[in-house]
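Engineer: Next comes the sequence, and after it the predicted model I'd like to discuss.
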Amino acid sequence: MSELITGIGELTTHSGEYGRLTDAAVVIDGGRIAWVGFAASAPAADTCTDAGGRAVLPGWVDTHTHIVFAGDRGAEFEARMAGAPYVAGGITSTVDATRAATADELFARAVSLRREAERQGTTYLETKTGYGLDVDAEVMSARIGARVADTVTYLGAHIIPAGVDRRDYIDLVTGPMLAAVRPYVDAIDVFCETGAFTVDESREILRAGAAAGLALRVHGNQLGRSGGVALAVELDAASVDHCNHLDAADIDALAGSETVATFLPVCDLSTREPFGPARQLLDAGGRIALATNCNPGTSFTTSMALCVATAVLQMHLTIEEAVFAATRGAARVVGRDEGDDAVGVIAPGSRADLQMLDAPSIAHLAYRPGVPLPAAVWRGGHAVVPAP
C-alpha cells in the first residue's frame, strides 16, 4: 500500500538531485521511496499523511552502539563527574554483569534500547559484541545483536579479560572466537588504545577479520594518539571511531583516504575528553559521521539528536553538516549510502526511513537542544511512531 506524505514545510533529502526542498511531498511504496518532489506535483497514493508544514528528513543512522549488555555503571559515571579519570578497564564490570545475565535478559535490554532509539528517529542501528570476551558469551551477544540491530560488529578485542594471558587471548579472538561469531556479524572492530590493544596487536586482529570476509572498524585516538587512525587508513578500514586526538598528519591521512572518521560527542561529554576536530577534518576534505556510542559506561544515550546538537553547538559544524554526518555520512560506514535500499537519504529506491519533526526546519535540532522533536518515524515504510 502506497502512502503520500505531503505538506512538508522543509524536506532534507541528502540527494544531489533533490537537495533541500520546501512545500514538498514524498511517496512511500513497498518499503521504499517511490517519488520525491513538490507537493503540487505529487501523484496519488492509497493513503495520505499531511505533515502540516513540519520538517522531514532521513532517519538517523547510528553506526556505533554497544546495546547488548547487563548491569549499571552509574556510580562510575558519578565518580568521573567528581574528577576520577576515565580508563579503559571500567569495561570489566560490564563484562562480569553480561556473563552473569541470561539471553532473555540481554535481549530484553537490547530491544528496549532499540525501541527507545526508534522513538527518537533512529531507523538504522549497528551494535557490537565486546561485553562477553569468551566464546560462549560473545556468540550469545552476536546472536542477540543480529536479532535486534541492522548490522553487528565483532568486538572481541575490547580489552584483555582479567586473568587471561595476553597472547592466548589474541589467539582466541583471531581463531575460535572469530569462527564462532562469524555467522552473525558483518564487521570486526578493535580498541586500539592505551589499556587495550597495541597497534601491532590491532593490525593482527583486523587482518584476521579481513581474511574472514569482515569489514574493518577501529576504536582509535580516544585517549591520545594511539596510532588507531593511522592503522585504520593503512588497512582501508570503513571507519575509525572516537578520533579525539588528531594531529595534522592524522587529518591529512584521513582526508586522503576512504575511511570515515566517526565522532562520538556525547561520549566526549561523559569522559571529559576534548571534542575531536571534526571541523578541521571536514575543511581538509575528510569524511565524517556522528554516532551515539550508546553503552553503560561512557555514553548511555540513544539520542542521535543530542549528538547532532552537540556537534553544532560545541564542534562548530553547521546544522546541515551535522545532520548529514548522522544520516548519509554515517550510512557510508556500513556501505548503505547509495544505490537501491540506501539509508540516510531520501530518493527514489532508497529505504523509506524518515522522521518528521514537530518543527519547521532541521535548525530546531540544535536551536532546541534536548527537546524530543520527532512527531513521526517511518522505518522501511512502516510507521514505528505514527504521524499525529
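Structural biologist: Here it is on my side, so go on.

Engineer: only C-alpha atoms for contact and neighbour calcs from this point on.
Structural biologist: Fine.

Engineer: Under the pLDDT cut-off, which ranges of this protein? List them.
Structural biologist: Residue ranges of the chain with pLDDT under 70: 87-89.

Engineer: Give me the longest helix you can find in it.
Structural biologist: The single longest helix within the chain, with elements called by DSSP state H, is helix 103-119.

Engineer: chain center to that one, what's the gap?
Structural biologist: 16 Å (Cα atoms, centre = their mean, to the nearest Å).

Engineer: burial count for Arg368?
Structural biologist: Arg368: 12 surrounding residues under other Cα atoms under 10 Å.

Engineer: got the CA positions of the longest helix of the chain in CSV?
Structural biologist: The C-alpha coordinates for helix 103-119 follow below in CSV (Å, rounded to 0.1, in the frame of the first residue of the first chain):
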residue,chain,number,x,y,z
ALA,A,103,20.0,-14.5,27.0
ASP,A,104,16.4,-13.4,27.6
GLU,A,105,17.6,-10.6,29.9
LEU,A,106,20.2,-9.3,27.4
PHE,A,107,17.6,-9.5,24.6
ALA,A,108,15.0,-7.6,26.6
ARG,A,109,17.5,-4.8,27.4
ALA,A,110,18.7,-4.5,23.8
VAL,A,111,15.1,-4.4,22.4
SER,A,112,14.2,-1.7,24.9
LEU,A,113,17.2,0.4,23.8
ARG,A,114,16.4,-0.2,20.1
ARG,A,115,12.8,0.9,20.6
GLU,A,116,14.0,4.0,22.6
ALA,A,117,16.3,4.9,19.7
GLU,A,118,13.5,4.5,17.2
ARG,A,119,11.2,6.8,19.1
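
Engineer: Next, the angle from the helix or strand following that helix to helix 103-119.
Structural biologist: Scanning forward in sequence from helix 103-119 by DSSP states H and E, the next helix or strand is strand 122-128. Counting by axes from the mean of the first three to the mean of the last three Cα atoms, to 10 degrees, strand 122-128 lies at 140 degrees to helix 103-119.

Engineer: The stretch 201-350 of the chain: strands as residue ranges?
Structural biologist: Listed from the start of the chain, the stretch 201-350 of the chain has strands (DSSP state E, counting those that start in this stretch) covering 215-220, 239-242, 260-263, 288-290.

Engineer: circling back: pull out the buried positions in the longest helix of the chain.
Structural biologist: Going by neighbour count (16 or more other Cα atoms under 10 Å), the buried part of helix 103-119 is 103, 106-107, 110-111, 113-115, 117-119.

Engineer: which residues touch stretch 186-206?
Structural biologist: 87-89, 151-160, 170, 173-174, 209, 214-224, 226-228, 231 (Cα atoms under 8 Å, 6 or more residues apart in numbering).

Engineer: What's the PyMOL line that selects buried ones from these?
Structural biologist: Buried residues among these (16+ other Cα under 10 Å), as a PyMOL selection:
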select buried, resi 151+152+153+154+155+156+157+158+159+160+170+173+174+209+214+215+216+217+218+219+220+221+222+223+226+227+228+231
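
Engineer: how deep is Leu133 tucked in, by neighbour count?
Structural biologist: Leu133 has 27 nearby residues by other Cα under 10 Å.

Engineer: and the helix or strand where Glu138 lies, what other elements does it pack with?
Structural biologist: Using DSSP H and E, Glu138 sits within helix 135-148. The contact analysis (3 or more Cα pairs under 8 Å, 6 or more residues apart in numbering; DSSP states H and E) places helix 135-148 against helix 103-119, strand 122-128, strand 151-157, helix 176-181.

Engineer: show me the contacts for Val135.
Structural biologist: For Val135, the contacting residues are 176-177, 180, by Cα under 8 Å, 6+ apart.

Engineer: any idea which of the residues you listed is the one closest to Thr318?
Structural biologist: Minimum distance to Thr318 across the contacts of Val135 is 42.4 Å, recorded for Met177 (Cα to Cα).

Engineer: Now do that closest one against Asp200, distance only.
Structural biologist: 19 Å (Cα to Cα, to the nearest Å).

Engineer: Equivalent analysis for Ser15, please.
Structural biologist: Taking Cα to Cα, one finds Ser15 at 40 Å from Asp200.

Engineer: of the two, who's got more company?
Structural biologist: Neighbours per residue (other Cα under 10 Å) separate Ser15 from Asp200, with Ser15 holding more: 15 against 12.

Engineer: what separates the more buried one from Gly9, distance-wise?
Structural biologist: For Ser15, the distance to Gly9 (Cα to Cα) stands at 17 Å.

Engineer: now do Ala208
Structural biologist: From Ala208 over to Gly9 the distance is 49 Å, taken as Cα to Cα.

Engineer: Which one of the two is surrounded by more residues?
Structural biologist: Higher neighbour count among Ala208 and Gly9: Gly9, with 20 against 17, using other Cα under 10 Å.

Engineer: Spell out which residues sit in contact with that one, please.
Structural biologist: Counting by Cα under 8 Å, 6+ apart, Gly9 has contacts 22-24, 51-56, 360-361.

Engineer: Surely Ser239 touches Ala232?
Structural biologist: Yes. Taking Cα atoms under 8 Å as the definition, Ser239 is a contact partner of Ala232 at 7.1 Å.

Engineer: Common neighbours of these two, please.
Structural biologist: With Cα under 8 Å, 6+ apart as the test, Ser239 and Ala232 both reach 217-218, 259.

Engineer: From Thr318, how far off is Ala187?
Structural biologist: Ala187 is 31 Å from Thr318, by Cα to Cα.
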